[in-house]
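In: Any chance you can model this:
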Amino acid sequence: MKKNNKIQKKPTNEKIGLETLKKHLWKSADILRGHIDAADYKNYIFGLLFLKRISDVFDEENEKIDDKTRARDSDYHDFTVPERAHWNFLQSRTQNIGAYINKANDALEEANLESLENVLSTVDFNDKDRLPDHILSQLTHHFSQIKLRNENLEKPDILGDAYEYLIEQFAASAGKKGGEFYTPKEVVELLVDLLDPSEGMRICDPACGSGGMLIQSVYHLRTKKQNPKNISLYGQEINVGTWAICKMNLLLHGLQNAQIKRCDTLRDPHLVTKGQLMKFDIVIANPPFSLKNWGYEQAQSDPHRRFRFGIPPKGYGDYAFIQHMIAIANPTAKVGVVLPHGALFRGGAEGKIRSGIIEEDIIEAVIGLPSKLFYGAGIPACLLIINKNKSQECKDRVFFLYGANDFQEGKKQNTLRPEDIQKIVQAFHDYRKVKKYCRSVGLDEIRENDYNLNITRYIDITKEEEKIDVQKVIAELEVLKQEYCKTEGKVQEYLKELGYKV
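Out: A predicted model of the protein is given here:
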């Protein structure tokens, strides 16, 4: 009898790392390429990723339950997964796969109303013109190749990290539309570091997109070695698809208690208690730049009286968001908002609103950023930092910083490097003058400039002309003349030796 000389591969217990997970998830986009628009990839891939993850974790939790009659008891699971919503059931379907996925989503929502109501059913998988059965079959097979139990991952957090990686990639592919749901992580990190949230705080993003700023606030607590669970997160998002992505993003990061409302923040805010706007310790946002149809008519009779500094123009919603954020900030809160530079100097109604906010002495800093940081917006933006409890040193002053020159240049997008972020944060905390970079400015000087907050009014960014030492130049010319005369004499001697008349 011949011996089997083949080496038997031993089963491996190697866990999935972040890079492996990223590559696998991004390959799912290749399956969809050519069938649907790049801007829509995220809706389907995020939905399937979420289905696979909660099915795998549900099975993992079940294996730890001795009493099998309790296997589907919601007390033993983060999410209850009905049989028709389980991944094993879905991957065995070969026809009408989209309809089965829709029914699975409905069943999951019904079984987990408190956390998943209307989250998964926002996407219609049963569109055979865009997603025929053979494409959905490829997608489900692709996701079936990896196990997403906690025990299969290097650490549970990497699934949330991979999800954010996908959001970033989809934002890049979507171009201008990408800016509607994603703020570059470097800008998010910078803004969170400037506001410096601490444990026990209530944090709100009234234009939360996919939830990046709320998640970064949790990461910030970890870097400070504070309890990341001791924080309350709130958000509002008008776009139903983006709202669903945000909900899934937070859930995959283990942030089940975050309250994210689907609503029009300016026309009809839903973060209210007994008819009154909820108040927060940190308010942070990257609202849409200069939003046109923001709700000018409704603002005339706003029941929450948010627009006490004035009603912004119909075509520019920047100061509508700013005033909303001020209104929901408690008396000691900080506010950080990303703005287009035009909001710093435009006149008319916006100029009057700006002057009122400045006179209330709650603006702490105006920070200019490099251009081409944001998807679909090549113009440079700025950060406006509001502090309702300014230190004595900062009272009656505004700190201006010109950070437009420090960045990593890219082909399509520029990025802030860690050293660029650190430089801005350090300068903000040091609160001292750095030539051509930053300084604090008294309110009297701002009044003299008619409440214009344009950064270059207060930071001289012109390049210094090189000073010319005239005497030194004259001396150098004299040396050159002498060398020329010597050279000319030698040339004449050579020519004479060759028989030329000179």
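In: all strands of the stretch 101-250 of the chain, in order?
Out: 202-205, 232-237 (DSSP state E, counting those that start in this stretch).
In: Can you name the residues in contact with the first one?
Out: Think strand 202-205. For strand 202-205, the surrounding residues in contact (Cβ atoms under 8 Å, 6 or more residues apart in numbering) are 197, 211, 213-214, 217, 231-236, 271, 278-285, 328. (Glycine included, C-beta is placed from N, CA and C.)
In: Spell out the secondary structure type for the closest residue to D460 other than its chain neighbours.
Out: Nearest residue to D460, sequence neighbours excluded (Cβ to Cβ, 6 or more residues apart in numbering): K436, at 6.0 Å. Assigned by DSSP: H, G, I helix; E, B strand; the rest coil, the conformation of K436 is coil.
In: Next one: K436, what pLDDT does it get?
Out: If you check K436, the pLDDT there is 95.
In: just for the chain, where's the confidence low?
Out: 1-13, 66-75, 174-180, 376-377, 464-469, 495, 498, 502 (pLDDT under 70).
In: Could you pick out the longest helix of the protein?
Out: helix 470-497 (DSSP state H).
In: That one: which residues count as buried?
Out: Using 16 or more other Cβ atoms under 10 Å as the test for burial, helix 470-497 gives no buried residues.
In: And that helix, what does it pack against?
Out: Helix 470-497 sits against no helix or strand, with contacts defined as 3 or more Cβ pairs under 8 Å, 6 or more residues apart in numbering; DSSP states H and E.
In: Next one: the residue nearest to D460 from E445, what distance?
Out: For K436, the distance to E445 equals 17 Å [Cβ to Cβ, to the nearest Å].
In: now the strands for the stretch 251-400 of the chain?
Out: In the stretch 251-400 of the chain, the strands defined using DSSP E, counting those that start in this stretch lie at 259-262, 272-273, 276-277, 280-285, 329-340, 363-368, 381-387, 397-402.
In: Please state the offset of the longest helix of the chain from the chain centre?
Out: 65 Å (Cα atoms, centre = their mean, to the nearest Å).
In: what do you get for stretch 39-48?
Out: For stretch 39-48, the distance to the chain centre is 18 Å (Cα atoms, centre = their mean).
In: repeat for stretch 149-166
Out: Stretch 149-166 sits 19 Å away from the centroid of its parent chain (Cα atoms, centre = their mean).
In: Return the set of buried residues in that stretch.
Out: Going by neighbour count (16+ other Cβ under 10 Å), the buried part of stretch 149-166 is 149, 153, 158-166.
In: which ones are touching the nearest residue to E151 once chain neighbours are set aside?
Out: Nearest non-adjacent residue to E151, counting by Cβ to Cβ, 6+ apart: E60, 6.4 Å away. Neighbouring residues of E60 by Cβ under 8 Å, 6+ apart: 149-151.
In: For E60, give its distance to I146.
Out: E60 is 14 Å from I146, by Cβ to Cβ.
In: tally of neighbours for T183?
Out: Neighbours of T183 under the rule other Cβ atoms under 10 Å: 24.
In: nope, L194 is what I was after
Out: Counted with other Cβ under 10 Å, residues neighbouring L194 total 20.
In: just K229 next, same as before
Out: By the criterion of other Cβ under 10 Å, K229 has 11 neighbours.
In: please begin residue numbering at 150 from this point
Out: Sure, I'll start counting at 150 from here, so that last one is K378.
In: List phi and psi for the residue nearest the centre of the chain.
Out: The residue lying closest to the centre of the chain (Cα atoms, centre = their mean) is T332, at 2.8 Å. Backbone geometry at T332, expressed as degrees, to the nearest 10, gives phi -110, psi 130.
In: Give me the distance from stretch 163-181 to the chain's centre.
Out: For stretch 163-181, the distance to the chain centre is 22 Å (Cα atoms, centre = their mean).
In: ok so, going back, contact partners for the residue nearest to D609?
Out: Counted by Cβ under 8 Å, 6+ apart, K585 has contacts 551, 608-610.
In: burial count for K539?
Out: 17.
In: what's the neighbour count on E348?
Out: E348, neighbours per other Cβ under 10 Å, totals 12.
In: er, K423 I mean
Out: 4.
In: cool, and the one 3 residues further on?
Out: Close neighbours of L426, defined as other Cβ under 10 Å, add up to 16.
In: Kindly report the same for L257.
Out: 25.
In: on that earlier part again, okay if I get the buried residues of stretch 298-315 as CSV plus distance to E568?
Out: Output for the buried residues of stretch 298-315, formatted as CSV (distance: Cβ to Cβ, whole Å):
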residue, distance to E568
R298, 39
L302, 31
I307, 26
L308, 30
G309, 26
D310, 22
A311, 26
Y312, 27
E313, 22
Y314, 23
L315, 27
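In: which phi and psi does Q240 have?
Out: Taking degrees, to the nearest 10 as the convention, Q240 sits at phi -70, psi -10.
In: quick one: it from T611, how far?
Out: The gap separating Q240 from T611 is 64 Å, by Cβ to Cβ.
In: out of the two, which sits in the more crowded spot?
Out: In this view Q240 and T611 are compared by other Cβ under 10 Å, and Q240 has more residues nearby, 16 against 7.
In: does I507 really touch N601, like I thought?
Out: No. Using Cβ atoms under 8 Å as the test, I507 is too far from N601 to be in contact (10.1 Å).
In: Between those two, which contacts overlap?
Out: Both I507 and N601 are contacted by I595, under the criterion Cβ under 8 Å, 6+ apart.
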